[in-house]
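Asks: Whatever this is, show me its structure:
(4 chains)
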Protein chains: 2
Amino acid sequence: MRRGIEFKKKARIIIVDDNYEHLSGIKELIEIESDFDVVATATSASVAISLIKKYRPEIVLMDINMPEKDGLTAIAEIEKLDLGVRIIALTGYDDPDLIFRAMKIGAKGYILKTMASAQLIYAIDEVAAGKIYLPATLSSRFFEYFQQSFKEETENTDDEENLLNYLTQREEEVLDLLTQGITYKGVAQKLFISETTVKTHVNNIFQKLQVNDRTQAVLYALNNGFLNRRKVKIAI
Amino acid sequence: MRRGIEFKKKARIIIVDDNYEHLSGIKELIEIESDFDVVATATSASVAISLIKKYRPEIVLMDINMPEKDGLTAIAEIEKLDLGVRIIALTGYDDPDLIFRAMKIGAKGYILKTMASAQLIYAIDEVAAGKIYLPATLSSRFFEYFQQSFKEETENTDDEENLLNYLTQREEEVLDLLTQGITYKGVAQKLFISETTVKTHVNNIFQKLQVNDRTQAVLYALNNGFLNRRKVKIAI
DNA sequence: CTTCTTATAGACCGGATGGTCTACACCTTT
DNA sequence: AAAGGTGTAGACCATCCGGTCTATAAGAAG
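Replies: Predicted coordinates for the structure are as follows:
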C-alpha cells in the first residue's frame, strides 16, 4: 500500500456478505488493488448495523442476497439512521426489480459479483467521491423497468376515456378544491361565488364523472391523473 | 462513408433542433463520423412529428429547449404514437428535473450538447442497439434527484407521527371502505353491523386523524401510506 | 376484581350535501 | 338572429353526515 504524498483521507469500508469466501475475497481485492481501508466485515445484516454504528465508515458494500434479514431491508434501516454512510449493493443477479428497489431506498451504487474487479474498485471510487454509480448495463435495465412502470400507469389513466377531460375550467377549479377536502361554503368563499353556484358546479361534476358524491369524485380525480402535473405516481 | 461487408442495416435518424446551426452541425457529425442515416431534420416539434410519421426512423435526436412546443411534450406525443421510435434527448443543461422528466416519459437516452462528439455517436450506437443510455454524470444526477424524491416522500409518511397507527383494526376496515367512496349504509351492509355503529367508528376515525369529514379522512389515508403496500408514489 | 379498550348500538339534532328545476347574462358559433 | 355552452344563482326537499351523549358486552390489562 502506497504512502507518502497521499493527502486525501482513505475511505473506510465495511463489507457485508453472508458467504465468508466471497467476503474475504472482496476484502483482499480491495486491500491489494485500492487505497481504501476495510475497517470491518460482517456476515449478517444485524451485525453489520452494529458495526456501522461503531465505525461510521464512509462506504458499505452490502450483499443483497442474504438469509435472515435481507440486504434491502438492511439498507433501508441504515439509511434511516442517516449517518451519511454510502451503501453499494452487491448481488449475483441483474434483476431490475432488485436494482430499482435498492436505488429507491438509497443505495449509492449497485454492482454484480460477476463484474471485473476493476469495475468494483471504480464503483467504490465514484461513490466515495460523492457520486451515485450504476454500470451502464444495470443502468439500462433500471431505466427499462422505470419507464415500464410509468407506461403502465399512464396507460391506465389518460388513455381511453378520461372523464376529467369533459370538465370545464371552472369545474376543474371546484374539483381541485374538493380534492383538498373543502366544504361548499369554503369553496364559495375561495372562488368568490355563491354557495348555490358551487353546488351547481359540483352537481355537474358528479354527472360528468358519473359518481354520486364528493368522496367518489375526489377518488376519481386522484386515480385519473387530476393532479399529475405536480404529483406523479409510480406503480411498484 | 464505408460500405462493403456491412450487413446490419443502418439506423435511420431524424434530428430536431430549433437552432439551424446546431442542427446542421450534428447532422454533419453523424454523417461523417458514423454509419447512421440522417433521413430528415426539423426545426420545430410539430414538423418533426409529421416527419416521424412519414419516415418511421429508428432514432430521433430531440432538442429539449425549443420555443413553441417544447421537446418534452413532443417526446410524450411521439411515445404515445407507439411507433417504436427511440428518442434521445439533447440539451445544454444537466438539470436533473429535465433529465428525470425526459426519462420518465420514455426517452431512451439523454446527452448534453457540450459533450464530446464521440459521446453522441456512442449514445446513438447504444440506443440503436436497444439499450437505454445515460452518461455516468447524468445518471448520477438523475439518481440523486430520484432518491431525494423518495426520501421526502417517506419522511412525510411513515416518519414521525402517522396518525393511521392509532386506528384499531376495525377502524381500518371502515376507513378502507370509506376510501372506496362507500356510504354509511353500504359500509354497514358490508361489515354486517348497524349503520349507527359505522357512524361511531367513523367519528372515532375522524378524531384520531384530526379531520372533520370523510373526504379529509380519505385524503389523509391516501397521503399517508394507507394503501402503500400496493402503490408507492414519487413526488415530483 | 377492576379498569381500559374495543366493538356494538340507539337517540337526537343541526347543518351539510345531493337532486331537480328554473332563470339570466355572457360568449361563441352557426 | 338563433342556438348552444358556460358561469352564475335561487328555491325546495329528502337524505346524508357529523357531533354528542348514553349504554352494553366482551376481552385485555392491571
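Asks: Name all residues that make contact with the residue lying closest to residue A:113 once chain neighbours are set aside.
Replies: Counting by CB to CB, 6 or more residues apart in numbering or on different chains, residue A:113 lies nearest to residue A:92, which is 5.1 Å off, once chain neighbours are set aside. The way it works is simple: take the backbone N, C-alpha and C, and place the C-beta from them, glycine included. Applying CB atoms under 8 Å, 6 or more residues apart in numbering or on different chains, we find residue A:92 in contact with A:65, A:112-114.
Asks: Tabulate these in a markdown table, adding columns for neighbour count.
Replies: A markdown table is the format used below for the contacts of residue A:92 (neighbours: other CB atoms under 10 Å in any protein chain shown):
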| residue | neighbour count |
| --- | --- |
| A:65 | 16 |
| A:112 | 18 |
| A:113 | 16 |
| A:114 | 10 |
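Asks: Quick check: residues of chain A near chain B?
Replies: Residues of chain A lying close to chain B by CB under 8 Å from any CB of the partner chain are A:103-106, A:126, A:131-134, A:136-137, A:139-140, A:143-144, A:146-147, A:150-151, A:178-181, A:183, A:211-216, A:218-219, A:222, A:230-236.
Asks: Using ChimeraX, define a selection of the buried residues within those residues.
Replies: Selecting only the buried entries of these in ChimeraX, with 16 or more other CB atoms under 10 Å in any protein chain shown as the criterion:
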select /A:103,104,105,106,126,131,132,133,134,139,140,143,146,147,150,151,178,179,181,183,211,214,215,216,218,219,222,232,233,234,236
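Asks: Can you give the contact residues for stretch A:96-116?
Replies: Around stretch A:96-116, the neighbours that count as contacts under CB under 8 Å, 6+ apart are A:22, A:62, A:64, A:71-72, A:75-76, A:79, A:86-94, A:119-120, A:123-124, A:126-127, A:131-135, A:138, A:141-142, A:144-146, A:236, B:143, B:146-147, B:150-151.
Asks: Flag the shaky bits of chain A, pLDDT-wise.
Replies: For chain A, the stretches with pLDDT under 70 are A:1-9, A:67-69, A:152-161, A:225-236.
Asks: where do the helices sit along it?
Replies: With DSSP state H, the ranges of helices along chain A come out as A:20-33, A:45-55, A:71-81, A:96-104, A:117-128, A:136-156, A:169-178, A:184-191, A:195-209, A:214-223.
Asks: Export the ones you listed as TSV, with columns for distance to DNA strand C.
Replies: Shown next, in TSV, are the helices of chain A (distance: least, CB to the nearest atom of the strand, whole Å):
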stretch	distance to DNA strand C
helix A:20-33	46
helix A:45-55	31
helix A:71-81	27
helix A:96-104	33
helix A:117-128	45
helix A:136-156	25
helix A:169-178	8
helix A:184-191	4
helix A:195-209	4
helix A:214-223	4
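Asks: Which pair of the contacts of residue A:92 spans the longest distance?
Replies: Set against one another by CB to CB, the contacts of residue A:92 have their most distant pair in A:65 and A:114, with a gap of 13.2 Å.
Asks: Quick check: residues of chain A near DNA strand D?
Replies: Contact residues, chain A versus DNA strand D (CB under 7 Å from any atom of the strand): A:168-171, A:191, A:193-197, A:199-201, A:213.
Asks: Pull the most distant pair out of the residues you listed.
Replies: Farthest apart among the residues of chain A next to DNA strand D - using CB to CB - are A:169 and A:213, which lie 22.8 Å from each other.
Asks: on that earlier part again, so for residue B:39, which of the helices of chain A sits nearest?
Replies: The nearest among those, by CB to CB, is helix A:136-156 at 25.2 Å.
Asks: Which elements pack onto that closest one?
Replies: Helix A:136-156 sits against helix A:96-104, strand A:109-112, strand A:231-235, helix B:96-104, with contacts defined as 3 or more CB pairs under 8 Å, 6 or more residues apart in numbering or on different chains; DSSP states H and E.
Asks: Using TSV, please lay out the ones you listed together with distance to residue A:48.
Replies: Listed next are the helices and strands packed on helix A:136-156 as TSV, based on distance: least, CB to CB, whole Å:
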stretch	distance to residue A:48
helix A:96-104	15
strand A:109-112	17
strand A:231-235	29
helix B:96-104	31
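Asks: which stretch among the ones you listed comes nearest residue A:12?
Replies: Smallest distance to residue A:12 across the helices and strands packed on helix A:136-156 (CB to CB): 16.2 Å, for strand A:109-112.
Asks: Can I get that closest one as CSV, trimmed to CA atoms?
Replies: Only the C-alpha atoms of strand A:109-112 are listed here, as CSV (Å, rounded to 0.1, in the frame of the first residue of the first chain):
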residue,chain,number,x,y,z
GLY,A,109,-24.2,2.1,-6.3
TYR,A,110,-25.1,-1.4,-7.5
ILE,A,111,-22.7,-3.9,-8.9
LEU,A,112,-22.7,-7.5,-9.8
